[in-house]
Structures are given as C-alpha cells and as structure tokens.
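Novice: Prediction below, plus the sequence it came from.
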Amino acid sequence: MNWSAQQYSKFEQERTRPVRDLVASIPSASVQSAVDLGCGPGNSTEVLARRYPDAKVIGMDNSQDMLDAARKRLPALDFELSDIARWEPSERFDVILANASLQWVPDHRALYPRLVGHLNASGVLAVQTPDNLEEPAHRLARDLAAGARWSALLGATKHPPRHPPAFYYELLRPLCRSVDVWRTTYFHALAGGAAAVVEWFRETALRPYLGALDDAQKAAFLAEYRAAVELAYPALEDGTVLLPFPRLFVVAVR
C-alpha cells in the first residue's frame, strides 16, 4: 500500500504542530546543513527550512507521491527518494530531523546511534514519534484484526515496537553531550466525529492492516472499525472529537 500525500495532508495543521514544537527545541542557532528523514509532503521540511533559512536543507522519503508533493511545495529545495533503514549519506549534517517517521523503522537500538554517527560535532538529532500504541485507536485495530472474521488475513500484522523514554536516554547518552526526552499529549479537534478519526488513522495506524486487503475487504474492515471508534471516541455536542495523541520527543546533541 503506497503512501498518499493527499490523504496524509487532510490534517496538515494538526500533523505539523508537533514538528513546530520539535524544531523550536533544537538548541543550535547556526546550522549549515540539515536533512528531514521521512519528509512526507514537505510540511516538516518547510518548518525546518524556515528555522534555518541560510542552511542547505534536503528532504528524504521512500514514497514518490510524497516527494512529488514536497517538490511542488518547496521547489527550491532538494528531495531524495530513499529508505531510512538503508540511508547512508556521503556527508554529515548539523541537524537530522525525523518527524513521525522512525516509528516505521525497526531496530531502534541500532538505528539511533547510526543516525548520530551521521552528525557533525555538536550536531543535533531531533526526533518525534507517536507514542500511542496503547491508545484506543490502535487497540481497536489490533482487536479487530485478531477477531474471527479477519484473523486469517491480519492476525500476524504488527507495528514495529515502541520504547519508553528511558530507552532512548540510556541509548544516546553515552554518544551525546546532552539528551532531552519528553512526552506531550496533543488533543486534536477533529470535526466530523468517528468518520474523522478513521480518516486520521487511515494513512498511518491502519496502513499495515489495509495494505493486506482488497478494496471490498478494506471497506468492510473500515466499517467495523468506525463502529468501534464511535464508542471509544464519543463526539462533543457540536460533533467534534477531541483526539488524544501522545508523542515522544528526543533532541540529542552529539
């Protein structure tokens, strides 16, 4: 199942707010080079480029559709088609940004130190990852996939594991002069009730499940999921759902 820039961008303002907070927390004032890993449609790259207008900023993603959208949005910047898990740049960077992308890459014990190794001295690794595997949206999808109707197709579907803040601090502290780790829960106001919640997760949490289904099966799975979501995320009187979304932030200075 390919990434869809159009689907992802339906909630661009909400998805961009965490990266604004992340980039604002980067301590480096003088940056010559920066890369956005998993840049998506370029919203995070734009935040990075605005913070460091004199730096060479590039974006990287493994989705051509996302890169096409990013290039249209930021024609003056360079974007590369590549996979984070196999990324081996020929240069080092002052900032490596990864906004809501590393949760898709396995083996963080090896990945994060490797990324630090691609930093210049005093360079910064700035990462934000969703920390929501135990939120209702994920639990409902797992329960549905494990049920009698879907288990034969989806029972083995899993997201890569997530780790607690201490994991990243202990992993990076021997390699970095400072490591800042924090967790923030955003409450995104989504108009449209359960349907909006389903649309939010359709291009993220639900991708591994939907990618294994044909069109008719996708429609049936989404209908069941929506019914469960409606109970788990009751709408306010005006139809808005306040979607709690915890995110984990790491800012490490080499």
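Specialist: Looks like it arrived, so ask away.

Novice: what separates V181 from I26, distance-wise?
Specialist: Distance of V181 to I26, given as C-beta to C-beta, to the nearest Å: 14 Å. C-betas here are computed from N, CA, C, even on glycine.

Novice: And the pLDDT at W3?
Specialist: Predicted confidence (pLDDT) for W3: 47.

Novice: Next: the one 3 residues further on.
Specialist: Residue-level confidence at Q6 comes out at 50, pLDDT.

Novice: now swap in T129 and tell me
Specialist: In this model, T129 is scored at 97, pLDDT.

Novice: And for it, nearest residue in space, chain neighbours not counted?
Specialist: Q103 (4.4 Å; C-beta to C-beta, 6 or more residues apart in numbering).

Novice: Quick check: pLDDT value at that neighbour.
Specialist: 96.

Novice: That one reaches R162, doesn't it?
Specialist: Yes. With contact defined as C-beta atoms under 8 Å, Q103 and R162 form a contacting pair (6.6 Å).

Novice: So between these two, which is more surrounded?
Specialist: Q103 (24 against 15; other C-beta atoms under 10 Å).

Novice: Quick check: the more buried one is in a strand.
Specialist: No. Counting by DSSP: H, G, I helix; E, B strand; the rest coil, Q103 is not found in a strand; it is helix.

Novice: which stretches of the stretch 1-150 of the chain aren't confidently modelled?
Specialist: Along the stretch 1-150 of the chain, the model assigns pLDDT under 70 to residues 1-10.

Novice: mind listing the helices for it?
Specialist: In the stretch 1-150 of the chain, the helices defined using DSSP state H, counting those that start in this stretch lie at 5-8, 12-24, 43-51, 64-73, 108-116, 136-146.

Novice: Identify whichever of those lies nearest to L37.
Specialist: helix 108-116 (7.8 Å; C-beta to C-beta).

Novice: What residues sit buried inside the closest one?
Specialist: H108, L111, Y112, L115, V116 (16 or more other C-beta atoms under 10 Å).

Novice: what's the closest non-adjacent residue to the last one?
Specialist: So the one you mean is V116. Among residues not flanking V116 along the chain, L175 sits closest, at 5.1 Å (C-beta to C-beta, 6+ apart).

Novice: Could you measure from that neighbour over to G38?
Specialist: On the measure of C-beta to C-beta, L175 and G38 end up 21 Å apart.

Novice: Compare these two and say which is more crowded by neighbours.
Specialist: Neighbours per residue (other C-beta under 10 Å) separate L175 from G38, with G38 holding more: 24 against 15.

Novice: who touches the residue nearest to the spatial centre of the chain in this structure?
Specialist: What sits nearest the mean C-alpha location of the chain, by C-alpha atoms, centre = their mean, is A100, with 1.7 Å. By C-beta atoms under 8 Å, 6 or more residues apart in numbering, the contact set of A100 is R15, P18, V19, G38, G40, S44, Q128, T129, P130, T204, R247.

Novice: What segments of the stretch 151-254 of the chain are strands?
Specialist: 178-191, 240-253 (DSSP state E, counting those that start in this stretch).

Novice: tilt between the last one and strand 178-191?
Specialist: For the pair strand 240-253 and strand 178-191, the angle between their directions (axes from the mean of the first three to the mean of the last three C-alpha atoms, to 10 degrees) equals 160 degrees.

Novice: pLDDT (mean, whole number) over strand 240-253?
Specialist: Strand 240-253 shows a mean pLDDT of 97.

Novice: Please name every helix or strand in contact with that strand.
Specialist: On a contact count with 3 or more C-beta pairs under 8 Å, 6 or more residues apart in numbering; DSSP states H and E, strand 240-253 meets helix 12-24, strand 119-130, helix 165-172, strand 178-191, helix 193-202.
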